[in-house]
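Enquirer: Everything below, folded, please.
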Amino acid sequence: MIDNKGKVAVIFGIRNDSSIAWDVALKLHTSGCKLALTYVDDTKENVLHLMDQLGIPHQYAMQVDVRNEEEVSAVVKMAHDELGPIDYLLHGVAFGDQHVMCYSLPGGDAPAPEYIDIPFESLMDSFNISAYSLLRVARAVKPYLATNASILTLTYNASQRVFPNYAGMSINKAALENIMLYLADHFRSQQVRVNAISAGLVMTTSAGGVNGVRKLRKIGKVTAPLGNITAGDVGDSALYYFSDLSKKVTGNIHFVDGGFNIMGIAVDGE
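Expert: This is a model prediction of the structure:
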């Protein structure tokens, strides 16, 4: 069992109990870590309920729009002032609207938007939330980090491969991974490590917005050598990065996808 007693973590990106970020928070809590969580307006009730289940006072949660640098700075300062220097930070935030993800609205007659027609404004907003926010969060937390701290973000293999139904979000994931690499170099003087977990498809609320996600899960079940994954599988790997076991690992993209990424073609399960 990893012992994180006395450690402090800030978690961005919990929506509900199906979130990967929630499983990471749960495992950190179980390992003895003190937590500060963030929420947005439509996730507040869920996040506070989950905190009640773990006995975490609501004072260690704040509403944060990751596009707002003042709000990001406020939560990391609160965590530092109330709990101590920040050892771990999870960036688990992503968003793209229907024009970025290229899907049609349920019950609507309009065809799904095409990739080539993704509006610049929609893409930039999703980029701001899904990719640039890692740079903003890292900038805000930098003065409050403990020695040998660890920053971890969540990515997806669509950054490197074509998944048509992921559309414009693939641009954001590619940018996110590049930002992670440069941050790993930037933090060398503080000996802070920055890594990413590339997770397979997990049936989270966010994944439900991916057109054809159930078909992708069906393909993954037979194509990946170890089959599909769960949020718990990602949480287990995250705990490695949120421990001294990974103290010399930085700039790494760690695949937790049952081996899906190594396959050149899909396997017919029939």
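Enquirer: can you pull out the helices in the stretch 1-150 of the chain?
Expert: 20-30, 44-54, 69-83, 98-101, 120-127, 133-141 (DSSP state H, counting those that start in this stretch).
Enquirer: Other residues contacting the fourth one?
Expert: Applying CB atoms under 8 Å, 6 or more residues apart in numbering, the set of residues contacting helix 98-101 from outside is 104-105, 112-113, 118-119, 122-123, 126, 165-169, 209-211. Where C-beta positions appear, they are placed from N, C-alpha and C, glycine not excepted.
Enquirer: those strands in the stretch 151-270 of the chain, which residues are they?
Expert: Per DSSP state E, counting those that start in this stretch, the stretch 151-270 of the chain carries strands over the ranges 193-199, 253-256.
Enquirer: If you count neighbours, what's buried in the last one?
Expert: Taking 16 or more other CB atoms under 10 Å as the basis for neighbour counts, the residues of strand 253-256 that come out buried are 253-256.
Enquirer: Go through the strands of the stretch 151-270 of the chain and name the closest to Gly264.
Expert: Set against Gly264 and scored by CB to CB, the strands of the stretch 151-270 of the chain come closest in strand 253-256, at 15.1 Å.
Enquirer: Tell me the gap between the closest one and the middle of its chain.
Expert: 12 Å (CA atoms, centre = their mean, to the nearest Å).
Enquirer: Show me what that strand packs onto, helices and strands only.
Expert: On a contact count with 3 or more CB pairs under 8 Å, 6 or more residues apart in numbering; DSSP states H and E, strand 253-256 meets strand 193-199, helix 231-241.
Enquirer: possible to save these as TSV with mean neighbour count and mean pLDDT?
Expert: Shown next, in TSV, are the helices and strands packed on strand 253-256 (neighbours: other CB atoms under 10 Å; pLDDT from 0 to 100):
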stretch	mean neighbour count	mean pLDDT
strand 193-199	24	97
helix 231-241	20	97
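Enquirer: Now render the ones you listed as JSON lines, adding distance to Leu37.
Expert: Shown next, in JSON lines, are those (distance: least, CB to CB, whole Å):
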{"stretch": "strand 193-199", "distance to Leu37": "19"}
{"stretch": "helix 231-241", "distance to Leu37": "15"}
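Enquirer: Looking at these, which is nearest to Asn16?
Expert: That would be helix 231-241 among these, by CB to CB, at 10.9 Å.
Enquirer: rewinding a little: of the helices of the stretch 1-150 of the chain, which is nearest Ala238?
Expert: Among the helices of the stretch 1-150 of the chain, the nearest to Ala238 by CB to CB is helix 20-30 (4.5 Å).
Enquirer: Having no further points to raise, I will conclude here.
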